[in-house]
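1. here is my input, please return the structure:
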Amino acid sequence: MSAQAIQQLRVPPSEAFAHNSVVDTLNRNFPDTTHLGDLDQILGEASTNQAALRQQLSESEKTLDSLITRTRVEALTQLENARDFSSQRDNIEDELAYLSHSLVSSLSPAGEDNGPTLLEDIETMHRSLKELENVRAYVAVVERALALSGSVTVA
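-> Numbering: from 1, shown residues only. The predicted structure is shown next:
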């Protein structure tokens, strides 16, 4: 139910409409004076009905005020939750952008200051390690050759 519909229902009834309705009902139910004897009984029932309706109206207004208050509190709570979620979403987007940037390869042409990724660093270090192992093996061979050449000349 919209706020306008609730406000419209909270407006008190129109006295002119009620008066016209009563006149129409009396004219319809009591077309002549012979039927006026039943009027006292009907007025008594109407008074009893009016008291019951006033009691219902009072209870409905209390319930409506309570419901409106609870709804406003719930709406404010939901608004605060939505703001929190929006903030969390912004933080996640920032983190995702940072992580995405760190995954972009230095070999990619799209970036300006892209550095190498961790995988590229590991691959580079692995190649350097292989080169150093080859150099060490070569030095070991040269050392052995020199050791052998030194022992050959002594003999």
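2. look at residue 119 and report its pLDDT.
-> What the model reports for residue 119 is a pLDDT of 82.
3. where's it, which helix or strand?
-> helix 118-154 (DSSP states H and E).
4. low-confidence bits of the chain, can you list those?
-> Low-confidence segments of the chain, defined by pLDDT under 70: 1, 104-114, 152-155.
5. mind splitting it into its structural domains?
-> Per automatic domain parsing, the structural domains of the chain span 3-103, 116-155.
6. now do the buried residues in the helix holding residue 119.
-> Neighbour-count burial for helix 118-154, counted by 16 or more other Cβ atoms under 10 Å, picks out no residue. Every residue, glycine included, has its C-beta placed from N, CA and C.
7. packing partners for the strand or helix carrying residue 86?
-> For residue 86, the enclosing helix or strand under DSSP H and E is helix 39-103. With contacts defined as 3 or more Cβ pairs under 8 Å, 6 or more residues apart in numbering; DSSP states H and E, the packing partners of helix 39-103 are helix 3-10.
8. ok and the helix it packs on relative to helix 39-103, angle-wise?
-> Counting by axes from the mean of the first three to the mean of the last three Cα atoms, to 10 degrees, helix 3-10 lies at 160 degrees to helix 39-103.
9. name the surrounding residues that touch helix 3-10.
-> Contact with helix 3-10 is made by 64, 68, as judged by Cβ atoms under 8 Å, 6 or more residues apart in numbering.
10. let the chain start at 35 from now.
-> From this message on, residue numbering opens at 35, which makes the last subject helix 37-44.
11. spatially central residue for the protein, please.
-> residue 116 (4.5 Å; Cα atoms, centre = their mean).
12. now it: how far from residue 104?
-> According to Cβ to Cβ, to the nearest Å, residue 116 and residue 104 sit 18 Å apart.
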